[in-house]
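Undergrad: how would this look folded up:
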Amino acid sequence: MDQVRVTMNNGINDYARIRSFINSFNKNDENEILADIYFSAKDMKVPVIREDMKELIRLLLLINKPKKILEIGTAVGYSASFMVDVLKKDVLIDTLELDRKRILIAKENIKRLGFEDNINIIEGDAEESLKELSKSDINIYDMIFIDAAKGQYMIYLDEALKMSKPGTIIISDNILEDGKIIESHFLVEKREITIHDRIRQYLYRLKNDERLATDILSVGDGAAVSLVVK
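TA: Residues are numbered from 1 along each chain as shown. Predicted coordinates:
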């Protein structure tokens, strides 16, 4: 049987080169304003979705064609704006953010793009905002993007499921902690243990909740794509 060999540099798995190679095929078709928002966010050290994560989201959007999206974690509005741009404005997005400074930047970015009618920023603590949203029967989403405080993902999922239906896609971003998630609990730095353990519990939940069919992908900093099946 043939063995698949992965190039090694100094004993380290050179997966970064493989990812760069794959990303080299991506089309650079964003409009100038959206591209400027992306690079400005990176300059400000504001987390934004990585290139390969963008391509995964683009594909899921085009397959699912959601009319209503919930995003947990607005940051400066890039990912929500990216989704509207892919869907050609034929979507409504509720996006949650606590940081007031980022909210102001996001609102300006959304205005620059002319997406004010498509993106609704809900200010405040995400957990509280989700509980308020889930009280209403009209808040049922076709796609939910979780990209906020990783230690709270389990709470976000509980509320997200209340606003889902069979066919809803739930995307959980940044679930591999730059590879730290594979380390034993006892080898993780003390200050990171809580998040490390919670993310592991979260991944177990995603793979074992009978309401979900989930695949965990090594895209970006790790992504879980879950389909609500019942």
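
Undergrad: Counting by contacts, list what the longest helix seen in the chain packs against.
TA: Ranked by residue count, the top helix of the chain under DSSP state H comes out as helix 193-208. Judged by 3 or more CB pairs under 8 Å, 6 or more residues apart in numbering; DSSP states H and E, helix 193-208 is in contact with helix 153-162, strand 212-217, strand 223-228. (C-beta placed from N, C-alpha, C; glycine too.)

Undergrad: so which of those comes closest to residue 42?
TA: With CB to CB as the criterion, residue 42 lies closest to strand 223-228 of the helices and strands packed on helix 193-208, at 19.1 Å.

Undergrad: need the helices for the protein, in chain order.
TA: In the chain, the helices defined using DSSP H lie at 15-23, 32-43, 51-64, 78-86, 100-113, 126-133, 153-162, 193-208.

Undergrad: What is the neighbour count of the residue nearest to residue 218 when sequence neighbours are not counted?
TA: Nearest non-adjacent residue to residue 218, counting by CB to CB, 6 or more residues apart in numbering: residue 176, 6.7 Å away. Residues lying near residue 176 (other CB atoms under 10 Å) number 19.

Undergrad: how many other residues sit next to the closest residue to residue 130 other than its chain neighbours?
TA: Closest residue to residue 130 apart from its sequence neighbours, by CB to CB, 6+ apart: residue 159 at 3.7 Å. By the criterion of other CB under 10 Å, residue 159 has 21 neighbours.

Undergrad: Include distance to residue 93 and mean pLDDT when you put the helices of the chain into CSV, please.
TA: Output for the helices of the chain, formatted as CSV (distance: least, CB to CB, whole Å; pLDDT from 0 to 100):
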stretch, distance to residue 93, mean pLDDT
helix 15-23, 25, 79
helix 32-43, 15, 93
helix 51-64, 11, 95
helix 78-86, 5, 97
helix 100-113, 10, 97
helix 126-133, 13, 97
helix 153-162, 14, 97
helix 193-208, 23, 88
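
Undergrad: Go through those helices and pick out the most buried.
TA: Mean neighbour count (mean count of other CB atoms under 10 Å) peaks for helix 78-86 among these, with a mean of 24.
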